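> show me the folded form of this:
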Amino acid sequence: MEIEVCLKPQFMDAGAAGAMHELNLAGEAEISAARTARIYSFSGDIPRARLGEIAGKLLCDPVTESWGFSPYLLPEKGWKRVEVRFKNSVTDPAGESVEEALAGKLPPGCRVRCADVYLFKTAAGAQKLERAVLDTLANELVCAVKVI
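Modelled structure (predicted):
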């Protein structure tokens, strides 16, 4: 099961601004707006209510962020959703840190993997956007990119 955490719309999303700048600087995909979110992917048998409690109290700052079960940050017309995840064979230090922070709150054997979500307002096609993200925001050797 996956949880997504993102900034509330009234707050400036510096990560989105940086990603938009990088993509536009590279000239491969013209981006006119962007938003970001973080995915926390939990393996193991965790009741949905328990996972919601963890998300609302521990993974999200309720003043500046909102959360939901994935997919939460959904693209509107003219927007594309891009997910950047570490490949399964690659260590995920952020996921390991979350596991450590939640020690005792997760069932034994539960693993956490983290990923980034970007929403981009662009006319670029999915293949062109994927290539642009791989060239600027993700390392193709360790990351998988999925455009939705």
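> does anything pack onto the host helix or strand of Ala132? Which helices or strands?
Counting by DSSP states H and E, the element that carries Ala132 is helix 126-136. If contacts are counted by 3 or more C-beta pairs under 8 Å, 6 or more residues apart in numbering; DSSP states H and E, helix 126-136 sits against helix 14-26, strand 79-86, strand 112-122, strand 143-147. From N, CA and C alone the C-beta is placed, and that goes for glycine too.
> out of these, deepest packed?
strand 112-122 (a mean of 22; mean count of other C-beta atoms under 10 Å).
> counting by contacts, list what that one packs against.
helix 14-26, strand 31-42, strand 79-86, helix 93-101, helix 126-136.
> in the last one, what counts as buried?
For helix 126-136, burial by neighbour count (16 or more other C-beta atoms under 10 Å) applies to 129-134, 136.
> CA atoms of that helix as CSV?
Taking C-alpha atoms only, helix 126-136 is exported to CSV below (Å, rounded to 0.1, in the frame of the first residue of the first chain):
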residue,chain,number,x,y,z
ALA,A,126,5.2,10.8,-22.6
GLN,A,127,8.3,9.4,-24.2
LYS,A,128,9.9,12.9,-24.6
LEU,A,129,9.0,13.8,-21.0
GLU,A,130,10.4,10.5,-19.7
ARG,A,131,13.7,11.1,-21.6
ALA,A,132,13.9,14.7,-20.3
VAL,A,133,13.4,13.5,-16.7
LEU,A,134,16.0,10.8,-17.1
ASP,A,135,18.4,13.4,-18.5
THR,A,136,17.9,15.9,-15.7
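> from the chain's centre, how far out does that helix sit?
How far helix 126-136 lies from its chain's middle: 16 Å, per C-alpha atoms, centre = their mean, to the nearest Å.
> counting neighbours, what do you get for Trp67?
21 (other C-beta atoms under 10 Å).
> for Arg48, that is, sorry about that
What Arg48 shows, counting by other C-beta under 10 Å, is a neighbour count of 9.
> for Arg113, give its distance to Leu58.
When distance is defined by C-beta to C-beta, to the nearest Å, Arg113 is 17 Å away from Leu58.
> mind telling me which residue is nearest the centre of this protein?
With distances taken as C-alpha atoms, centre = their mean, Asp116 lies nearest the centre of the chain, 2.5 Å away.
> of the buried residues of helix 126-136, closest to Phe69?
Phe69 has its nearest neighbour among these in Val133, at 24.1 Å by C-beta to C-beta.
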